[in-house]
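Chemist: Below is the sequence, then the predicted model.
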Amino acid sequence: MAQLAASQVAVSVPVGSDLSTRRSVLKTNNLNFHGKSWAPFLSLESKTTNARLRNKQIICQSVQQASVPKVVVSPSSLEDAKEPPLNTYKPKEPYTATIVSVESLVGPKAPGETCHIVIDHGGNVPYWEGQSYGVIPPGENPKKPGAPHNVRLYSIASSRYGDFFDGKTASLCVRRAVYYDPETGKENPSKNGVCSNFLCNSKPGDKIRVTGPSGKIMLLPEDNPNATHIMIATGTGIAPFRGYLRRMFMESVPTFKFNGLAWLFLGVANSDSLLYDDEFTKYLKDYPDNFRFDRALSREQKNKSGGKMYVQDKIEEYSDEICKLLDDGAHIYFCGLKGMMPGIQETFKRVAEQRGESWEQKLSQLKKNKQWHVEAY
Ligand code: FAD
């Protein structure tokens with residue numbers, strides 16, 4: 001159990017015994033704990049999941065602060081390496097992992113399905129927050145008969161300890177790629193995305209070939225625990241940020257005591273499409289000085305010109321603050337579909353011009369300082 005300050009009281013609470021099945025993986029029931037409402041922030045649908053978590057312990061920082069529990073994570077050796085693991089498993093020799101659970105994250109009014117997929121790698125494919133796994137779907141590559149499918153990359157949506165805090169799982173946030181005929185508007189299943197459908201259709205116990213981990217651009221810089229991290233996500237681009245935020249606010253990590261500012265902007269179509277919203281809402285409640293969260297719901301909200309509300313409109317709304325934070329050394333991260341970047345860049349350019357600054361110069365400075373991190377696919 002982690003060390004607590006003398007004024008604090010350690011309380012261990014078993015998790016996973018009183019959690020019911022809900023739409024979102026992180027929709028939770030509130031438990032009553034020492035007379036305080038205590039949201040366990042882990043809603044776990046499958047029996048496997050509940051069994052795995054039954055013995056997990058939560059540390060409450062103090063009885064007075066019972067609403068700010070942190071979870072004990074293991075093994076501590078996951079903090080030892082100086083460099084992130086890279087390509088431990090390559091496409092020619094992938095690791096065969098096992099699906100633990102597949103849960104839809106969205107409600108009925110979301111356009112399209114997005115699933116949270118937990119994969120058991122048995123501790124054999126460790127990764128750091130912000131990295132990706134490759135997945136090789138079963139079957140034959142239609143372009144190379146006899147050869148396996150090409151690897152598809154997926155940003156990992158959990159911290160290195162995984163959703164069970166034991167370093168043995170990785171979670172993915174996968175949008176099912178569905179093909180609609182542009183003329184008829186009807187779905188054509190023969191043209192649906194191979195890997196995303198394989199993942200979203202898979203069942204607990206299914207085997208899955210993974211490669212990686214890969215990627216360094218989205219690693220969370222941890223040299224300064226008081227730093228500001230501005231995260232801009234569209235849709236499944238939320239994945240790496242969920243990993244960061246669990247490390248910052250959910251886990252008791254002895255080597256990383258985050259006390260800076262994490263500011264998340266998430267753009268999705270509507271409220272039914274929000275991803276991991278309960279988890280983030282809980283951080284807002286528990287860490288109001290360290291976490292900010294702005295949602296852009298393109299089909300439900302209007303921007304100041306009466307158009308659809310995209311993440312760049314939210315960025316514009318807070319542009320003075322964001323520019324100041326960047327000038328003071330904040331990191332800014334973007335993750336999601338490639339299409340998100342042009343609109344965002346235009347907004348930054350316009351804002352910079354209004355401030356009498358050159359966006360090109362500013363951007364090159366941000367890149368030089370390693371403050372600018374983009375993963376668009
Ligand atoms: P594919 O089979 O590769 O098909 C691609 C598209 O073509 C689909 O939309 C499909 O419907 C369409 N298509 C298929 N056949 C035809 C045809 N004959 N005519 C016209 N269109 C056709 N995705 C996520 O969901 N979550 C993530 O976190 C994520 N992270 C990523 C991170 C990185 C670094 C990268 C590079 C990509 C990431 N992706 C992520 C995207 C992911 O790798 C896949 O590209 C995505 O899931 C689609 O793969 P697929 O096999 O389902 O589709």
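Modeler: Happy to help now that I have it. Every value quoted in this text rests on a predicted model; they were computed, and no experiment measured them. Residues are numbered from 1 along each chain as shown.
Chemist: In this model Ser273 seems to touch Glu300, though I could be wrong.
Modeler: No: under the contact definition of C-beta atoms under 8 Å, Glu300 does not touch Ser273, with a separation of 9.6 Å. For the C-beta atoms, the positions are set from N, CA and C on the backbone; glycine is no exception.
Chemist: For the two, indicate the residue with more neighbours.
Modeler: A side-by-side neighbour count of Glu300 and Ser273, using other C-beta atoms under 10 Å, places Ser273 first with 26 against 16.
Chemist: so who does whatever residue of the stretch 101-250 of the chain ends up closest to the ligand touch?
Modeler: In the stretch 101-250 of the chain, no residue comes nearer to the ligand than Gly193, which is 2.2 Å away by C-beta to the nearest ligand atom. Gly193 makes contacts with 176-179, as judged by C-beta atoms under 8 Å, 6 or more residues apart in numbering.
Chemist: Provide a list of residues in contact with the nearest residue to Gly237 once chain neighbours are set aside.
Modeler: The spatial neighbour of Gly237 that comes closest, neighbours along the chain excluded (C-beta to C-beta, 6 or more residues apart in numbering), is Gly336 at 2.7 Å. For Gly336, the contacting residues are 232-238, 267, 376-377, taking C-beta under 8 Å, 6+ apart as the criterion.
Chemist: From Ala376, how far off is Gly336?
Modeler: The gap separating Gly336 from Ala376 is 6 Å, by C-beta to C-beta, to the nearest Å.
Chemist: what sits in contact with each of those two?
Modeler: Shared contacts of Gly336 and Ala376, defined by C-beta under 8 Å, 6+ apart, comprise Gly237.
Chemist: Surely Gly237 is in a strand?
Modeler: No: Gly237: not assigned to a strand; according to DSSP: H, G, I helix; E, B strand; the rest coil it is helix.
Chemist: circling back: any chance of the contacts of Gly193 in CSV, plus secondary structure and pLDDT?
Modeler: Conversion of the contacts of Gly193 to CSV gives the following (DSSP: H, G, I helix; E, B strand; the rest coil; pLDDT from 0 to 100):
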residue, secondary structure, pLDDT
Arg176, coil, 98
Ala177, coil, 98
Val178, coil, 98
Tyr179, coil, 97
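Chemist: Just the buried residues of the residues you listed.
Modeler: Among the contacts of Gly193, those buried by neighbour count (16 or more other C-beta atoms under 10 Å) are 176, 178.
Chemist: near the ligand, which of the contacts of Gly193 show up?
Modeler: Judged by C-beta under 6 Å from any ligand atom, the overlap between these and the neighbourhood of the ligand comprises 177, 179.
Chemist: Just give me the closest of the contacts of Gly193 to Lys144.
Modeler: When these are compared for distance to Lys144, the smallest value, 20.4 Å, is given by Ala177; criterion: C-beta to C-beta.
Chemist: Now do the closest residue to that closest one other than its chain neighbours, the pLDDT please.
Modeler: Distances taken as C-beta to C-beta, 6+ apart place Gly193 nearest to Ala177, at 2.7 Å, with adjacent residues excluded. On pLDDT, Gly193 comes in at 98.
Chemist: Kindly report the same for Val68.
Modeler: Confidence at Val68, expressed as pLDDT, is 82.
Chemist: Quick check: the residue lying closest to it once chain neighbours are set aside vs Cys323, distance?
Modeler: The shortest distance from Val68 to any residue that is not its chain neighbour, by C-beta to C-beta, 6+ apart, is 4.7 Å, and that residue is Asp286. Computed with C-beta to C-beta, the distance linking Asp286 and Cys323 is 28 Å.
Chemist: same thing with Gly235?
Modeler: Taking C-beta to C-beta as the measure, Gly235 falls 26 Å from Cys323.
Chemist: Then Ala170?
Modeler: Counting by C-beta to C-beta, the separation of Ala170 from Cys323 is 35 Å.
Chemist: neighbour-wise, which of the two wins?
Modeler: More crowded of Ala170 and Cys323, by other C-beta under 10 Å: Ala170, with 30 against 17.
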